[in-house]
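>>> my questions are about this predicted structure, shown below with the sequence.
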Amino acid sequence: MTHPSQAVHLVWGASSHRGARRLLNEDCFLADRSVFFVADGMGGHDAGEVASAAAIDALRPLGALGTVGPEDVRERLVVAQDDVRAISTEPGRGAGTTVTGVVVAEQHGVPYWLVVNIGDSRTYQMSRGVLEQLSVDHSEVQELVDAGRLTATEALTHPRRHVVTRAVGASLPPEPDFCWIPIEARDRMLVCSDGLTGELSDERITEILLAQPEPQAAADLLVSEAIIAGGRDNITVVVIDATGAWQDTSDGSTTPREVPGHADEDTLPREIQLQRGDRS
């Protein structure tokens with residue numbers, strides 16, 4: 001059986017840093033052949049670090065499968081959920097982690113990006129000169145924006161902006177979002193934790209992705225600039241380029257929100273924050 005990644009030539013780079021203000025890096029990432037994920041852990045002390053690593057370890061076997069579909073991802077996320085729930089944490093807190101990323105899959109023999117998301121880490125696609133966020137943030141502020149009760153600008157400084165509504169390790173099993181995107185040559189995918197998007201606007205991210213043709217150089221520069229901009233959180237970036245695909249229909253071009261400063265606050269699942277009595 002032909003692995004989908006054999007029909008698509010991929011080049012990738014990844015970079016992760018604890019940031020300028022955190023003692024631990026609670027992010028973890030996976031970049032291996034056809035599977036690319038970022039997990040942003042939460043839970044206090046080293047629980048977040050353990051949670052994100054557990055989720056990534058649970059997803060790692062997907063790279064060995066001949067083909068990958070949503071049910072395969074769901075099965076691995078069930079394993080991740082059980083492993084994260086088993087982590088011992090201090091009273092009033094629970095370990096959890098976001099998960100976002102892409103898997104190279106196929107439909108009817110055609111290669112696709114299978115985008116997966118739980119939480120508020122993000123997956124973007126740059127194709128035909130346009131940068132687009134493919135994942136939808138699972139956060140309280142995004143719910144308020146969708147309901148028309150908050151503008152996107154107001155959401156950037158809202159006191160509940162760090163509260164996610166879905167996470168691996170939450171009391172209810174997480175429901176991942178999936179979407180299928182056909183792969184075209186010269187696609188560039190960006191998978192990142194919110195330590196990047198909390199510091200750099202989409203416009204600046206676009207500029208860097210356009211200016212750096214090598215994925216590793218792009219990932220390194222994105223992390224470096226996020227640290228310079230404040231580095232208030234852990235920062236993890238994976239950049240994946242499709243340099244060849246079944247059908248090259250792209251035109252060869254690869255071309256987003258200003259973010260005010262924010263306090264150093266942990267991302268938390270909604271139920272955990274409520275247990276702490278923070279209802280602001």
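Right, received. Where do you want to start?
>>> please make it C-alpha for all contacts and neighbour counts, starting now.
Will do.
>>> quick one: least confident helix or strand in the protein?
Within the chain, judged by mean pLDDT, DSSP states H and E, the helix or strand with the poorest mean is helix 270-275; its value is a mean of 41.
>>> buried ones in the helix or strand where E203 lies?
Using DSSP states H and E, E203 sits in helix 202-211. Neighbour-count burial for helix 202-211 flags D202, R204, I205, T206, I208, L209, L210 (criterion: 16 or more other Cα atoms under 10 Å).
>>> who are the packing partners of that helix?
Packing contacts for helix 202-211, counted by 3 or more Cα pairs under 8 Å, 6 or more residues apart in numbering; DSSP states H and E, involve helix 215-228.
>>> so which elements touch the helix it packs on?
Helix 215-228 packs on strand 9-17, helix 194-197, helix 202-211, strand 235-244, going by 3+ Cα pairs under 8 Å, 6+ apart.
>>> what's the angle between the last one and strand 9-17?
If I follow you right, that is strand 235-244. Angle, strand 235-244 to strand 9-17, by axes from the mean of the first three to the mean of the last three Cα atoms, to 10 degrees: 170 degrees.
>>> can you give me the buried ones in strand 235-244?
I235, T236, V237, V238, V239, I240, D241, A242, G244.
>>> export it to PDB, keeping only CA atoms.
Extracted in PDB, the C-alpha atoms of strand 235-244 (Å, rounded to 0.1, in the frame of the first residue of the first chain):
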ATOM      1  CA  ILE A 235       6.100  29.200  21.800                       C
ATOM      2  CA  THR A 236       6.100  26.300  19.400                       C
ATOM      3  CA  VAL A 237       6.000  26.400  15.600                       C
ATOM      4  CA  VAL A 238       6.000  23.700  13.000                       C
ATOM      5  CA  VAL A 239       6.200  24.700   9.300                       C
ATOM      6  CA  ILE A 240       5.500  22.100   6.600                       C
ATOM      7  CA  ASP A 241       6.000  22.700   2.900                       C
ATOM      8  CA  ALA A 242       4.500  20.500   0.100                       C
ATOM      9  CA  THR A 243       7.100  20.900  -2.600                       C
ATOM     10  CA  GLY A 244       5.400  18.400  -4.900                       C
END
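>>> run a quick neighbour tally on Q107.
The tally of other residues near Q107 (other Cα atoms under 10 Å) stands at 12.
>>> before we move on, what about L114?
The tally of other residues near L114 (other Cα under 10 Å) stands at 22.
>>> do the same with R21
Residues near R21, counting by other Cα under 10 Å, number 13.
>>> what about it, distance to A51?
Distance of R21 to A51, given as Cα to Cα, to the nearest Å: 20 Å.
>>> can you check A152 too?
Noted for A152: a distance of 29 Å to A51, by Cα to Cα.
>>> end-to-end on stretch 103-115?
Taking Cα to Cα, stretch 103-115 runs 7 Å from one end to the other.
>>> and that stretch, what's buried?
Buried residues in stretch 103-115 (16+ other Cα under 10 Å): V103, V104, A105, E106, P111, Y112, W113, L114, V115.
>>> format the residues you listed as CSV; extra columns: distance to V223.
Shown next, in CSV, are the buried residues of stretch 103-115 (distance: Cα to Cα, whole Å):
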residue, distance to V223
V103, 23
V104, 25
A105, 28
E106, 31
P111, 29
Y112, 27
W113, 24
L114, 25
V115, 22
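>>> which one among the residues you listed gets closest to V141?
Nearest to V141 among the buried residues of stretch 103-115, counting by Cα to Cα, is V115 at 22.0 Å.
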